[in-house]
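**Q** predicted model, plus sequence, below.
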Amino acid sequence: MFVRNCWYVIAWDHEIPSTQENGQIFTRTVLGEPIVVYRAGNELVALADRCCHRGAPLSKGRFEGNNLRCGYHGLLFNPDGQCIEVPGMSAAPAKACVKRYPVVAKNKWIFVWMGEPEKADRAMLPDNYSCDSPDWHYKPGYLHYQTNYLLICDNLLDFSHLSYVHEKTLGGSHAIAQSRAAVSDILTHGQRGLRVQRSVAEVPPPPSYQRIHTFSGLIERWWDYDFLLPGTLLMKSGGKPSKSNSVDSGEVELHSCQTLTPETEHSTHYFFQQGHRTGQGDAELAGSMYQMLIRAFEEDKDMIGAQSACLASAPDFTMLPLHLDGALTRYRRLVDAEITSESAAPAASQSSATTAATKRGPVVA
Amino acid sequence: MFVRNCWYVIAWDHEIPSTQENGQIFTRTVLGEPIVVYRAGNELVALADRCCHRGAPLSKGRFEGNNLRCGYHGLLFNPDGQCIEVPGMSAAPAKACVKRYPVVAKNKWIFVWMGEPEKADRAMLPDNYSCDSPDWHYKPGYLHYQTNYLLICDNLLDFSHLSYVHEKTLGGSHAIAQSRAAVSDILTHGQRGLRVQRSVAEVPPPPSYQRIHTFSGLIERWWDYDFLLPGTLLMKSGGKPSKSNSVDSGEVELHSCQTLTPETEHSTHYFFQQGHRTGQGDAELAGSMYQMLIRAFEEDKDMIGAQSACLASAPDFTMLPLHLDGALTRYRRLVDAEITSESAAPAASQSSATTAATKRGPVVA
Amino acid sequence: MFVRNCWYVIAWDHEIPSTQENGQIFTRTVLGEPIVVYRAGNELVALADRCCHRGAPLSKGRFEGNNLRCGYHGLLFNPDGQCIEVPGMSAAPAKACVKRYPVVAKNKWIFVWMGEPEKADRAMLPDNYSCDSPDWHYKPGYLHYQTNYLLICDNLLDFSHLSYVHEKTLGGSHAIAQSRAAVSDILTHGQRGLRVQRSVAEVPPPPSYQRIHTFSGLIERWWDYDFLLPGTLLMKSGGKPSKSNSVDSGEVELHSCQTLTPETEHSTHYFFQQGHRTGQGDAELAGSMYQMLIRAFEEDKDMIGAQSACLASAPDFTMLPLHLDGALTRYRRLVDAEITSESAAPAASQSSATTAATKRGPVVA
């Protein structure tokens, strides 16, 4: 069970070739639904990747101009998902069509809307500005998790793990875990989520910062981020010389956009970037920052995968809430409330029960 | 749930060594039942591959003359499946025995009867004459599918897919999909199924035909086949110069025998050959025809595997019947009727419900 | 469902490094429960390998002296399993703790107690004396089975299979299967199980014996063993010249300790050794005996794995009891009785139904 009235990132912009390019058809599964995404001229098209006839995936077919022909029995679909030709029939039946999803591009992210099409609202798109700005440099990242997305949300909502999971990459100090994050609600038009703010006063610079700016002494670090439905982190972070530090000057300023898209109940797409200011560092900086980030995110993936397996073997296990779980507990409540609200609405196309993955308590809560 | 009162092909004749040959014991699973097949002299023997004592597979034992000894605790079974020796006992108990299946060889195919033994009737064997005739040349083929057999029956019952799946191998023209097949019932003694006939008038010769006979102009092609329970295709096909073609002469004439044997609900054995007339083509023709056929059948397997996965992810999906589905819809009704009829009969050894795989509608219908 | 008030071997002594050694944390799953075992000084510690906070495995953390710190959010646990530090909190909550298991070492085997801690009784430890005695030489062995442990108990409780499964390794004669074992109950304080005794009078020496002592003629062989809950074999076996043999003298004397620990319902740890008298054979004997034993136990594993798969495909199959099944039938009754007795006791922490794996009849009985 997932929140459906949401924009989910299905791809980085560069992953979707133009129709004419090489005939490759992009497909990715979101919330259990395989979806073909392609470009009909300048327009993006997202269609269910399952022919209405016998269920073959359209992504095994071929483009004919802006249309898509099924590779099994040759039904031809236009960008609206309407079948416009059945070989051997004078006209295609009106009911021969596949679902078309609302799809938009914003700052290099391609979003699909998984809920009621009439509710699709561009105001609900996250402000992932650093993904497409002359002020920011980065290299785009993608990881695939064999884990329910909520365990990864948990991870992103509590940075105390930086001290332990990322001791040698993003962390570098136990002070992060010792500090307390301020958590507040975000409930503006379109945006639903939490604001999480944390800073530490006198810590050594982490290995990652030293790639951008060499500090000799201690620094002050901060992480200010919004974590928005369905699972998007937009974060300003950085570091500057601490009060006790009189030898260094200047600061590190980063902006990161990360988002989780459930593939199925048990697997997740993770799109991410961490940008630094244009002009900072050398020409290879974006590449080396990316390498460091991947290394750190593999540390997360390793831990979360182990946690997921450990939870799967203990269906009766109940998590023990601690002070550091404030943000993630509030976020899971928000997800549950949204799912309940969508289920209660008459137009909702899903049942009312929440799944194991979203319940607090056993398995993944 | 399967039709049981049927002959199922379990092997090509050459797959079953003589008992004395090398000690290798042939075993293959049919309708979920592992079965040992061996030769006791000139006689074929098919026994359940599961010792009645503790359930170890007899195929891990050894031959002693025409008998088979279990490799775990040494029980010795004769070709009737009767245990004739238990180590340490003066006489084997009468109830120590394994099931013996009726088994026959016909034209290089080895058939087992999976239903009530007293109903086994050689008149129900298909006429796979080209598998063992001096008039025909071919190379025998086998493929293993991780798919329910009915999705493969569907494929064989609708050749419109030749235009798309096999565009570059068996197909070569959209005209095949544009044409309409004539479908009629076969309900003679022993044989139950459909006759499917299709022809196209003015099409280019497919790549496969050019291996046999070089046509310069357009040709007329035809496919006349019987598709019989449980899943056997016996087909005459060919091509000759079309009416508009005055440059070519001669024709291509093929005979193909193909049969599907469910291994389990989710996997299938596929035995096939496509023969050409002895004397046609060069010495390597049978080999190159086989290579082309394998390439085409891998195209089917790739598409059907993708379709099967796509259906598995969408339990609520309902197929959309179109005109081209006439034969396969009728065939599925026939299968359902046979299963219902067997279930209703008092001697039937199975329950009355049809399985997901045989129901029309979601998943694989 | 398993017997819980039992000592289960979780490791050979050498598998558990000292805490300070290299930071590696030993973990193994017993009865479905992942357990960390480590040394706090001279004391053994066994803790649930699942942090009480969010369920991450503690084995992915690190040692700090005799304590264990979770690698996800940094909770620190002492050897009692009590959390003594939560980063960012002034004091850890009292209820933050993980289960501690009774754990003891005896003769190089490390045992954990899976039932009610107050019932843990060292008198119930098996007498695996040859695992740590100057009189005996051996090399320790371990195999992992993807099979329920009861199928392996069956194997160890009926040596008639030596004639067939181990014809070329441990067996060497059909006379073993022809002989009848004497089976009696063991119901002393702490020890519950069966005594199984078998001998054969005039047989050729098996290949394994010839590694220790060269016999030219026939020998007499015997196997006397106790098979104790939960699945431990303690065996004296050997051979000496038979009555008809006037050319040989001397004898082979072996002691073997083997034990099965269920990892899950579908997988099993198998710890074993077979020792010979110190001073017998050459310096390489222990190594070559081990190689021979591994080869023989792989023969068992191959057969039992095939049996397990064969049973899984036939849920309605019922085993046919024969005279040779006396010991294993009695042993399964004993296991069932223990499980029923534990379930009936008010302090028992499990439900009363026996699982498929322990029921007599289909699947694995």
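**A** Now that the structure is in, tell me what you want to look at.
**Q** residue A:319 and residue C:72: what is the separation?
**A** Computed as C-beta to C-beta, to the nearest Å, the residue A:319 to residue C:72 distance reads 12 Å. Bear in mind the C-beta positions are built from the backbone N, C-alpha and C, glycine included.
**Q** send the alpha carbons of stretch A:211-228 over as PDB?
**A** Only the C-alpha atoms of stretch A:211-228 are listed here, as PDB (Å, rounded to 0.1, in the frame of the first residue of the first chain):
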ATOM      1  CA  ARG A 211      37.600  17.500  -1.200                       C
ATOM      2  CA  ILE A 212      36.100  21.000  -1.600                       C
ATOM      3  CA  HIS A 213      37.900  23.100   0.900                       C
ATOM      4  CA  THR A 214      40.900  22.300   3.200                       C
ATOM      5  CA  PHE A 215      40.200  23.000   6.900                       C
ATOM      6  CA  SER A 216      43.100  22.700   9.300                       C
ATOM      7  CA  GLY A 217      41.000  23.100  12.500                       C
ATOM      8  CA  LEU A 218      37.600  22.200  13.800                       C
ATOM      9  CA  ILE A 219      34.400  23.300  12.000                       C
ATOM     10  CA  GLU A 220      30.700  23.900  12.600                       C
ATOM     11  CA  ARG A 221      28.400  21.700  10.500                       C
ATOM     12  CA  TRP A 222      24.700  22.000   9.700                       C
ATOM     13  CA  TRP A 223      22.100  20.000   7.800                       C
ATOM     14  CA  ASP A 224      18.800  21.600   7.000                       C
ATOM     15  CA  TYR A 225      16.400  19.600   5.000                       C
ATOM     16  CA  ASP A 226      12.800  19.100   3.900                       C
ATOM     17  CA  PHE A 227      11.600  15.500   3.700                       C
ATOM     18  CA  LEU A 228       8.500  15.400   1.600                       C
END
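**Q** do that stretch and chain C meet?
**A** No: Stretch A:211-228 is not in contact with chain C by C-beta under 8 Å from any C-beta of the partner chain; minimum separation 15.0 Å.
**Q** picking that back up, ok, residue A:319 and residue C:72, which is more surrounded?
**A** It is residue C:72, of residue A:319 and residue C:72, that has more neighbours when counted by other C-beta atoms under 10 Å in any protein chain shown, with 27 against 21.
**Q** what does chain A have sitting close to chain B?
**A** Near chain B, when you scan chain A using C-beta under 8 Å from any C-beta, you find A:29, A:32-34, A:49-50, A:52-57, A:60-61, A:69-74, A:86-89, A:93, A:95-96.
**Q** list the residues that contact residue A:88.
**A** Contact criterion C-beta atoms under 8 Å, 6 or more residues apart in numbering or on different chains gives B:160, B:177, B:178, B:179, B:180, B:323, B:324 as the residues in contact with residue A:88.
**Q** what is the nearest of the residues you listed to residue A:283?
**A** residue B:177 (54.6 Å; C-beta to C-beta).
**Q** tell me which helix or strand the closest one sits in.
**A** helix B:175-178 (DSSP states H and E).
**Q** roughly how far apart are whichever residue of the stretch 51-200 of chain A sits closest to chain B and chain C?
**A** Nearest to chain B, among the residues of the stretch 51-200 of chain A, is residue A:87, at 3.6 Å (C-beta to the nearest C-beta). Distance, residue A:87 to chain C, by C-beta to the nearest C-beta, to the nearest Å: 42 Å.
**Q** in a strand, that residue, correct?
**A** No: read with DSSP: H, G, I helix; E, B strand; the rest coil, residue A:87 is coil and lies in no strand.
**Q** residue B:161 is in contact with that one, correct?
**A** No: the pair residue A:87 and residue B:161 fails to qualify as a contact (C-beta atoms under 8 Å) at a distance of 10.0 Å.
**Q** all helices for the stretch 151-300 of chain A, in order.
**A** A:175-178, A:285-312 (DSSP state H, counting those that start in this stretch).
**Q** quick one: the closest residue in space to residue A:219 that isn't next to it in sequence from chain B, how far?
**A** Closest residue in space to residue A:219, ignoring its immediate chain neighbours: residue A:239 at 4.4 Å, by C-beta to C-beta, 6 or more residues apart in numbering or on different chains. Distance, residue A:239 to chain B, by C-beta to the nearest C-beta: 45 Å.
**Q** tally of neighbours for residue A:239?
**A** Using other C-beta under 10 Å: residue A:239 sits among 26 other residues.
**Q** beta partners for it?
**A** Bridge pairing for residue A:239 (DSSP bridges) gives the partners residue A:221, residue A:252.
**Q** wouldn't it be in contact with residue A:250 here?
**A** No: using C-beta under 8 Å, residue A:239 is not in contact with residue A:250; the gap is 9.9 Å.
**Q** quick one on the thing from earlier: please save the CA atoms from the helix holding residue B:177 in CSV.
**A** Output of helix B:175-178 as CSV, limited to C-alpha atoms (Å, rounded to 0.1, in the frame of the first residue of the first chain):
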residue,chain,number,x,y,z
ALA,B,175,0.3,-10.0,-44.5
ILE,B,176,0.3,-13.0,-42.2
ALA,B,177,-1.2,-10.9,-39.4
GLN,B,178,-3.6,-9.3,-41.8
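**Q** correct me, but residue A:228 touches residue A:191?
**A** Yes: between residue A:228 and residue A:191 a contact is recorded at 5.5 Å, counting by C-beta under 8 Å.
**Q** excluding its backbone neighbours, what's nearest residue A:36?
**A** residue A:49 (4.5 Å).
**Q** and the one you found, what's its pLDDT?
**A** Note on residue A:49: pLDDT of 98.
**Q** now do the same contact list for it.
**A** Residue A:49 touches A:27, A:34, A:35, A:36, A:57, A:58, A:59, B:310, counting by C-beta under 8 Å, 6+ apart.
**Q** tell me which residues are up against the helix or strand the third one falls within.
**A** Which is residue A:35. Secondary structure assigned from DSSP H and E places residue A:35 in strand A:33-40. Identification of contacts with strand A:33-40 by C-beta under 8 Å, 6+ apart yields A:10-11, A:16-19, A:25-29, A:44-50, A:57-59, A:63, A:66, A:68, A:79, A:101, A:103, A:110, A:112, A:114, B:310, B:313.
**Q** going through those, which ones are buried?
**A** A:10-11, A:16, A:19, A:25-29, A:44-50, A:57-59, A:63, A:68, A:79, A:101, A:103, A:110, A:112, A:114, B:310, B:313 (16 or more other C-beta atoms under 10 Å in any protein chain shown).
**Q** returning to what we had before: emit the PyMOL select command for whichever of the residues of chain A next to chain B are buried.
**A** In PyMOL, a selection of the buried entries from the residues of chain A next to chain B looks like this (16+ other C-beta under 10 Å):
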select buried, chain A and resi 29+33+34+49+50+52+53+54+55+56+57+60+61+69+70+71+72+73+74+86+87+88+89+96
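**Q** take the residues of chain A next to chain B and keep only those in helices.
**A** Counting by DSSP state H, no part of the residues of chain A next to chain B is found in helices.
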